[in-house]
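S.K.: Give me coordinates for this.
(one chain, ligands or ions: 1)
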Amino acid sequence: KSFNVGSYRRADTPQPTADFFDTGNAEGERLRRAAAEAAVHDMLHWFEHEGGHVGILDATNSTRSRRAWIEERCKSKGYDVMFVESKCDDEELIMNNILEVKTTSPDYIGQDPEVAARDFRDRIRNYEKVYETIDEPHLTYVKLINVSSQVIINQVSNYLQTRIIYFAMNLHITPRSIWLSRHGESEFNVLGKLGGDANLSPRGMAYAEALPGLVKGSVGNKDITLWTSTMKRTIQTVKHLNYPKKQWKALDELDAGVCDGLTYEEIEKKYPEDFRARDDDKYNYRYQAGESYRDVVIRLEPIIMEMERGSDIMVVTHQAILRCIYAYFMNVPQDQSPWMEIPLHTVIKLTPRAYGTQEERFKANIPAVSTFRAKYTSANMGGETAIVDAERVKSPIARAQANGVTTINGDVEAAPQKVEAISVAESLGLNDDTVVVE
Ligand SMILES: O=P(O)(O)OC[C@H]1O[C@@](CO)(OP(=O)(O)O)[C@@H](O)[C@@H]1O
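M.R.: Numbering: from 1, shown residues only. Modelled structure (predicted):
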């Protein structure tokens with residue numbers, strides 16, 4: 001979990017000018033100190049009382065005294081500290097950073113970009129006055145110079161620290177985008193069956209044909225690389241795209257083990273306990289002889305690392321895999337990520353920026369079944385929780401879907417649990433125009 005001192009400071013001082021960061025400004029110093037103390041306090045509280053494991057204190061800890069204070073606060077509670085310093089003296093990189101900050105930082109929203117750029121330069125000068133690069137021999141640190149053209153490490157002693165170094169070395173700041181799509185609708189999707197290695201349905205093939213046109217506008221002349229899983233449905237989906245292609249086993253769909261090839265309804269009948277257990281904790285539930293979302297996240301590590309290292313990439317893969325990749329870039333909590341709706345026949349474009357990832361969606365006008373199934377609660381039976389769950393999802397169609405009705409471009413098709421779907425739809429006040437159950 002990240003504790004960004006800037007956002008604590010913004011609670012009092014949303015858009016300070018550069019003078020605020022001058023150490024001669026007593027009030028600025030006091031407020032900055034208070035923000036840092038609040039962030040450290042919350043981080044330690046999170047470790048002690050909320051089961052936190054790895055906290056990131058995101059701040060300009062750029063003096064020896066500040067680092068000593070952080071070390072003392074953490075060590076006194078028994079927590080290890082590792083510092084990551086990003087040092088930059090390459091003028092071009094600094095200019096790029098200023099451009100990025102003035103367009104995306106909440107400190108400069110709504111301001112004249114030129115004024116923002118000048119102010120940020122002055123702020124850097126104020127930081128420089130007191131800056132002491134990290135070189136304390138006893139501290140654990142990684143120092144990245146000019147992004148990662150030089151990397152200095154010190155007192156590294158455990159596995160997690162080496163992973164952090166590896167990750168930091170793969171980061172870059174060259175602008176790029178990532179296009180994500182599920183494969184086109186498959187024959188298994190139409191039947192409601194999980195897993196397998198089915199071919200695309202005729203509508204899935206139509207999506208494959210439409211894909212070049214769908215991405216053309218946003219990809220333009222960029223040299224993108226196309227990644228798929230090793231499964232037929234993703235390979236068939238990229239058939240008409242003319243970019244270099246690479247297949248990754250690590251992008252194959254979550255392995256449903258003994259449930260592979262079954263529908264959700266069949267699983268519920270055959271393995272009722274498993275079915276419930278998965279709904280209770282979908283992130284951690286591991287299919288018998290198969291995988292959990294947690295397992296998938298671990299096997300995706302090399303993919304994520306390559307994505308961080310690389311340039312423009314389009315990834316065509318599966319529902320569960322896309323949930324994990326999307327959650328990584330969009331910061332979706334673990335317990336929510338397996339329940340996200342990632343519709344078929346839609347391209348999601350993600351553009352990582354300094355202060356968060358921008359998202360755009362391009363929907364092909366080709367109908368597809370919905371493979372989304374909501375958590376099994378008494379909501380499915382139209383009970384009290386139906387109301388709670390229904391409020392969580394916004395539109396009437398999404399509400400119907402969340403309760404087991406499958407949607408095709410506005411028409412609602414055969415519901416897996418027809419009777420429940422009708423009663424839930426009625427209890428939600430959906431009218432005949434919205435819900436058609438065959
Ligand atoms: O974790 P849940 O929500 O079951 O979603 C994963 C499922 O999505 C599916 C579709 O239902 O992916 P896919 O589109 O790759 O076929 C299943 O194969 C897979 O088991």
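S.K.: Just confirm residue 284 is within a strand.
M.R.: No. Residue 284 is assigned coil when assessed by DSSP: H, G, I helix; E, B strand; the rest coil, not a strand.
S.K.: so it touches residue 295, yeah?
M.R.: No. Here residue 284 does not reach residue 295: they are 9.5 Å apart, not a contact under C-beta atoms under 8 Å. In this view, the C-beta of every residue, glycine as well, is placed from N, C-alpha and C.
S.K.: Provide the backbone phi and psi angles at the nearest residue to residue 342 once chain neighbours are set aside.
M.R.: Excluding the flanking residues, the one nearest residue 342 by C-beta to C-beta, 6 or more residues apart in numbering is residue 322, at 4.9 Å. Note on residue 322: its backbone torsions stand at phi -70, psi -30 [degrees, to the nearest 10].
S.K.: Give me the distance from stretch 100-111 to the chain's centre.
M.R.: 22 Å (C-alpha atoms, centre = their mean, to the nearest Å).
S.K.: got the contact list for that stretch?
M.R.: Residues from elsewhere that reach stretch 100-111 (C-beta atoms under 8 Å, 6 or more residues apart in numbering): 6-7, 10, 14-16, 113, 116-117, 119-120, 173, 353-356.
S.K.: Would you indicate which residues of it are buried?
M.R.: Judged by neighbour count using 16 or more other C-beta atoms under 10 Å, the buried positions of stretch 100-111 are 101, 102, 105, 107, 108.
S.K.: for stretch 179-196, same thing?
M.R.: 179-190, 192-196.
S.K.: Could you do stretch 259-272 as well?
M.R.: Result for stretch 259-272 [16+ other C-beta under 10 Å]: buried residues 259, 260, 262, 263, 264, 267, 268, 271.
S.K.: could you point out which element follows the longest helix belonging to the chain?
M.R.: The longest helix of the chain (DSSP state H) is helix 26-49. Using DSSP states H and E, the next helix or strand after helix 26-49 towards the C-terminus is strand 56-58.
S.K.: What lies in contact with the helix or strand harbouring residue 315?
M.R.: Here residue 315 sits within strand 313-317, counting by DSSP H and E. Residues outside strand 313-317 that contact it (C-beta under 8 Å, 6+ apart): 176, 178-183, 215, 219, 224-229, 234, 237-238, 241, 243, 251, 253, 307, 322, 325.
S.K.: any idea how far residue 188 is from whatever residue of the stretch 101-250 of the chain ends up closest to the ligand?
M.R.: Residue nearest to the ligand within the stretch 101-250 of the chain: residue 194 (3.6 Å; C-beta to the nearest ligand atom). Residue 194 sits 7 Å away from residue 188, taking C-beta to C-beta, to the nearest Å as the criterion.
S.K.: Strands of the stretch 51-200 of the chain, start to end?
M.R.: 56-58, 83-87, 141-145, 150-154, 178-182 (DSSP state E, counting those that start in this stretch).
S.K.: Next: the stretch 301-438 of the chain.
M.R.: 313-317, 346-353, 356-363, 406-408, 411-413.
S.K.: Which one of the ones you listed lies nearest to the ligand?
M.R.: Here strand 313-317 is closest among the strands of the stretch 301-438 of the chain (C-beta to the nearest ligand atom), at 7.7 Å.
S.K.: now the closest one against strand 346-353, angle please.
M.R.: 140 degrees (axes from the mean of the first three to the mean of the last three C-alpha atoms, to 10 degrees).
S.K.: Alright, that wraps it up for me.
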